[in-house]
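In: Got a sequence here, can you model it:
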Amino acid sequence: MVENPNNIEINPGDFAPLDKQAGPDKEKIAAPSLTFGQDVWRRLKANKTAFVSFIVLLLLFLMAFGGQALYHHDPNAQAPKYANLPPKIPGVNIHGLNGHITQSGQDVDAYKQAGASSSVHYVLGTDYLGRDLLARIMYGTRISLEIALIATLIDLTIGVGLGILSGWKGGRVDIFIQRIIEILSSIPSLVVMVLMATAFTKTGMASIIAALALINWTTMARLTRAQTLQLKNQDFILAARTLGESAPKIAWKHLLPNLSSVIIIQTMFTIPNAIFFEAFLSYIGIGISSPQASLGTLISDGQKNFQFLPYQMWYPAAVLIILMLAFNLLGDGLRDAFDPKSKR
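Out: As a prediction, the model looks like this:
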């Protein structure tokens with residue numbers, strides 16, 4: 001018998017079992033479990049600047065690699081009688097976009113002056129040989145992106161492979177690879193490009209890719225080496241070695257997944273550097289040669305007529321600037337997205 005010294009009234013219902021719906025289970029906070037990739041995507045979407053940059057890059061890639069399917073103009077087709085025509089967009093009556101120019105203070109229809117029919121129009125105008133500027137910008141953007149992507153893929157393969165090898169082996173192998181990296185890093189890239197130009201019979205995509213592949217892998221190798229030095233003494237790596245897994249299998253199964261964030265982020269910064277390097281070389285005349293077009297050659301051609309026809313340089317320069325900014329902003333966003341300490 002339980003004593004009740006304070007004479008508190010006790011009802012039998014006070015000791016009734018809890019209803020399942022009103023029990024502790026109702027207070028549980030349920031949240032969907034996310035994989036690492038899903039969490040990275042969530043963080044990236046939360047970063048508005050990086051996500052907009054991703055959309056812009058997607059549109060530029062579609063324009064470069066799929067634009068010719070919708071805009072059927074040969075980028076190398078010449079029409080001298082239509083040379084240096086201004087932009088003309090059908091249905092748009094805005095000065096600068098309707099095919100009109102100002103001559104001696106008067107508004108003149110440049111297309112009518114050149115004897116073009118009403119069906120002839122060039123969305124971004126023509127260059128000094130009458131070639132469609134929009135078609136050449138799409139073609140040139142594709143060439144610049146192809147060079148950058150191929151060179152970056154080669155840099156990725158060499159840099160990651162040698163970086164993991166250097167960090168994993170250590171000792172003389174590490175010292176030898178690091179000395180090679182220091183030597184290559186000390187050589188100016190322009191000197192390497194001139195040497196590649198002399199090695200190849202004709203300057204073009206092959207020589208630029210070779211020059212980029214020769215010097216750009218060093219940064220990737222240093223980053224992967226530093227991360228490998230940290231990871232190889234971690235418990236999961238020691239456990240894999242204890243179980244008898246081979247070094248290539250450990251690198252593939254354990255090191256590469258943990259290096260993925262560093263590799264992806266560095267790749268996002270390598271691509272715009274390669275694009276700018278190609279544009280610079282083509283601009284000074286030792287890169288892509290005519291009649292091929294790249295962003296560098298288009299800017300170089302437009303610069304010759306910049307005083308009178310500035311749009312010929314503005315449009316390719318704008319595409320180059322947008323590409324550079326979008327890749328760098330996306331790289332910053334990916335760096336934050338892969339960081340588990342991020343507040344997003």
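In: how distant is the worst-scoring helix or strand of the chain on mean pLDDT from the center of its chain?
Out: Least confident element among the helices and strands of the chain, by mean pLDDT, DSSP states H and E: helix 189-199 (a mean of 75). Put simply, helix 189-199 sits 25 Å off its chain's centre (C-alpha atoms, centre = their mean, to the nearest Å).
In: buried ones in it?
Out: Along helix 189-199, these residues count as buried under the neighbour rule (16 or more other C-beta atoms under 10 Å): Ser189, Val192, Met193, Val194, Met196, Ala197. For every residue, glycine as well, the C-beta is placed using N, CA and C.
In: what's the answer for stretch 320-340, then?
Out: 320, 323-324, 326-338.
In: How about residues contacting that stretch?
Out: 40-41, 43-44, 47, 49-51, 53-54, 56-57, 60, 141, 144, 261, 264-265, 268-269, 271-272, 275-276, 279, 295, 299, 342, 344 (C-beta atoms under 8 Å, 6 or more residues apart in numbering).
In: and the longest helix along the chain, what other elements does it pack with?
Out: The helix spanning the most residues in the chain, taking DSSP state H as the definition, is helix 133-169. Counting contacts by 3 or more C-beta pairs under 8 Å, 6 or more residues apart in numbering; DSSP states H and E, helix 133-169 is packed against helix 48-66, helix 171-185, helix 205-215, helix 217-231, helix 256-284, helix 295-304, helix 311-338.
In: Now do the domain split for the chain, please.
Out: 48-75+132-342, 87-121 (automatic domain parsing).
In: then stretch 160-176 to CSV, C-alphas only?
Out: Coordinates of each C-alpha in stretch 160-176 appear next as CSV, following Å, rounded to 0.1, in the frame of the first residue of the first chain:
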residue,chain,number,x,y,z
VAL,A,160,46.2,13.7,-60.7
GLY,A,161,48.3,10.7,-61.6
LEU,A,162,51.6,12.2,-60.8
GLY,A,163,50.3,14.0,-57.7
ILE,A,164,48.9,10.8,-56.2
LEU,A,165,52.1,8.9,-57.1
SER,A,166,54.3,11.6,-55.6
GLY,A,167,52.3,11.8,-52.3
TRP,A,168,51.9,8.0,-52.0
LYS,A,169,55.5,6.9,-52.7
GLY,A,170,57.4,9.8,-51.1
GLY,A,171,61.1,9.6,-50.9
ARG,A,172,63.1,9.9,-54.1
VAL,A,173,60.1,9.6,-56.3
ASP,A,174,58.5,12.6,-54.6
ILE,A,175,61.7,14.6,-54.8
PHE,A,176,62.1,13.8,-58.5
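In: can you pull the buried residues of it?
Out: Val160, Leu162, Gly163, Ile164, Leu165, Ser166, Gly167, Trp168, Asp174.
In: Specify which member of those residues is nearest to Ser119.
Out: Closest approach to Ser119 among the buried residues of stretch 160-176 (C-beta to C-beta): Val160, at 53.1 Å.
In: Can you give me the pLDDT of the closest one?
Out: Predicted confidence (pLDDT) at Val160: the value is 92.
In: which residues does it contact?
Out: Val160 neighbours (C-beta under 8 Å, 6+ apart): Met220, Ala221, Thr224, Leu256, Leu259, Ile263.
In: Please repeat the previous calculation with a cut-off of 6 Å.
Out: Thr224 (C-beta atoms under 6 Å, 6 or more residues apart in numbering).
In: thinking again about what came up before, select only the buried ones of the contacts of stretch 320-340 in ChimeraX?
Out: Applying 16+ other C-beta under 10 Å to those, the buried members can be selected in ChimeraX as follows:
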select :40,43,44,47,50,51,53,54,56,57,60,141,144,261,264,265,268,269,271,272,275,276,279,295,299
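In: sorry, back to before: so which of the domains of the chain is the most packed in?
Out: domain 48-75+132-342 (a mean of 18; mean count of other C-beta atoms under 10 Å).
In: that older thread, determine which of the domains of the chain approaches Lys81 most closely.
Out: domain 87-121 (6.1 Å).
In: Quick one: closest of the helices and strands packed on helix 133-169 to Tyr82.
Out: Taking C-beta to C-beta, helix 311-338 is the member of the helices and strands packed on helix 133-169 nearest to Tyr82, at 13.7 Å.
In: pLDDT on the closest one, on average?
Out: Mean predicted lDDT for helix 311-338 stands at 90.
In: For this protein, which residues score under the pLDDT cut-off?
Out: 1-32, 197, 201-203, 340-344 (pLDDT under 70).
In: what's near enough to touch Ile209?
Out: Ile147, Ile150, Ala151.
In: and the gap between the closest residue to it other than its chain neighbours and His100?
Out: Computed as C-beta to C-beta, 6 or more residues apart in numbering, the closest residue to Ile209 that is not its neighbour in sequence is Ala151, at 4.9 Å. Per C-beta to C-beta, to the nearest Å, Ala151 is found 43 Å from His100.
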